[in-house]
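Novice: with the sequence up front, the predicted model follows.
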Amino acid sequence: MICHDTSKTSARRQTNGASLCAGGGRESTARAKLTVLIPCKNERRNIRDCIESVQPLADEILVADSGSTDGTVEIARSMGCRVIEHRWTGYANFKNWAISHASHLWVLVVDADERLTPQLADEIRAVLADPPADVDAFSVRFQTYFMGHLLRFSSWNNPATRLLRRGRCRYIPRRVHESVDVDPTRTRRLKGRLLHYSFWSYDEFFEKYTRYSKLSAEELRDRGKRAGTYDLLLRPFLRFFQLYILRGGFLDGAAGIQICMLMAFFYSFAKRARLWEMAHVQREPRHGALPEPRISAVPSSIVTRSAEPARATA
């Protein structure tokens with residue numbers, strides 16, 4: 001693997017207050033230092049606001065880019081961040097690679113479409129002031145927005161491990177919906193939330209979840225799962241009932257019904273349909289391999305009768 005570190009010189013990174021992303025100098029030297037990791041690709045719309053939200057907390061902001069072409073890297077570098085670049089190797093593998101390049105023991109993983117709230121930042125400061133020896137990771141919950149509308153329910157605010165001790169935690173190698181491998185007895189949950197601005201258009205949703213449906217289907221196939229009529233016909237309806245009724249999606253109004261419909265009748269159906277495709281699709285015939293269609297001869301009596309003029313009726 002080839003890693004390109006496009007950060008400024010180490011001497012510049014170590015200069016107190018020289019970088020907007022340095023963030024240090026305000027805390028006691030006894031405080032554990034923090035690297036904020038932002039994995040991204042083509043996040044020009046989000047990257048500046050994301051960086052600004054973590055600047056007051058971070059001792060280092062590490063932007064791990066997987067091939068941006070929209071100026072994301074240039075924005076991050078102009079704000080003083082340390083930027084590393086690598087080809088995309090999958091969600092879990094890419095994050096594991098990036099975490100290994102963090103300068104500090106504690107790492108906070110923040111996606112580019114997320115924002116750190118002051119409440120969560122204060123909680124993390126308290127943790128870093130005296131890190132508990134028996135804890136390796138902290139999970140956080142989210143406050144998710146769909147096209148700018150808050151989703152309070154709809155199963156979009158489940159906790160995820162984001163603050164972790166480097167060397168003790170790794171992402172489990174999965175194609176999608178990656179999670180951290182850590183002893184559950186050595187985890188805690190923070191009360192503050194990350195703001196998550198998920199989608200601003202249907203185009204963004206379809207682009208992301210078309211990709212997710214393929215990766216999820218491959219994950220199911222690798223686990224020996226198959227899709228049948230029950231999966232294709234009933235699972236989307238059951239998923240909608242779960243999200244919209246059991247998990248309160250109806251309380252999110254018009255935004256709630258849209259996200260529940262999309263997750264059930266697009267994503268849930270598409271990943272099962274792709275799983276069926278992997279097992280049942282027929283090989284496409286080569287050019288010229290199909291026989292010419294045979295057209296049965298029409299009996300002459302039918303032709304004769306059809307050619308006769310219709311008789312006038314009385």
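Specialist: On my side now, so go ahead. Quick caveat, the model's predicted, so the values are computed rather than measured.
Novice: okay, buried residues for stretch 59-71 please.
Specialist: 59-66, 68 (16 or more other C-beta atoms under 10 Å). (C-beta placed from N, C-alpha, C; glycine too.)
Novice: I should have written stretch 79-88 there, sorry.
Specialist: By neighbour count with 16+ other C-beta under 10 Å, stretch 79-88 contains the buried residues 79-86.
Novice: make a markdown table from those residues and add distance to residue 195 to it.
Specialist: Below are the buried residues of stretch 79-88 laid out as a markdown table (distance: C-beta to C-beta, whole Å):
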| residue | distance to residue 195 |
| --- | --- |
| 79 | 19 |
| 80 | 23 |
| 81 | 20 |
| 82 | 24 |
| 83 | 23 |
| 84 | 25 |
| 85 | 27 |
| 86 | 27 |
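Novice: mark which of those are part of strands, please.
Specialist: Judged by DSSP state E, the subset of those located in strands is 82-85.
Novice: circling back to that earlier point, let me have the buried residues of stretch 79-88 in a markdown table, extended by pLDDT and distance to residue 263.
Specialist: Converted to a markdown table, the buried residues of stretch 79-88 look like this (pLDDT from 0 to 100; distance: C-beta to C-beta, whole Å):
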| residue | pLDDT | distance to residue 263 |
| --- | --- | --- |
| 79 | 96 | 34 |
| 80 | 95 | 38 |
| 81 | 97 | 33 |
| 82 | 97 | 36 |
| 83 | 97 | 34 |
| 84 | 97 | 33 |
| 85 | 97 | 33 |
| 86 | 96 | 31 |
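Novice: closest to residue 240 among the residues you listed?
Specialist: Residue 240 has its nearest neighbour among those in residue 86, at 38.4 Å by C-beta to C-beta.
Novice: separation between the closest one and residue 279?
Specialist: Separation of residue 86 from residue 279 (C-beta to C-beta, to the nearest Å): 34 Å.
Novice: next one: residue 145
Specialist: Distance from residue 145 to residue 279, by C-beta to C-beta: 37 Å.
Novice: the two - which one has more neighbours?
Specialist: Between residue 145 and residue 279, counted using other C-beta atoms under 10 Å, the more crowded position is residue 145 (18 against 11).
Novice: look up phi and psi at the more buried one.
Specialist: The phi/psi pair for residue 145 (degrees, to the nearest 10) reads phi -120, psi 140.
Novice: same check on residue 161?
Specialist: According to degrees, to the nearest 10, residue 161 has phi -70, psi 120.
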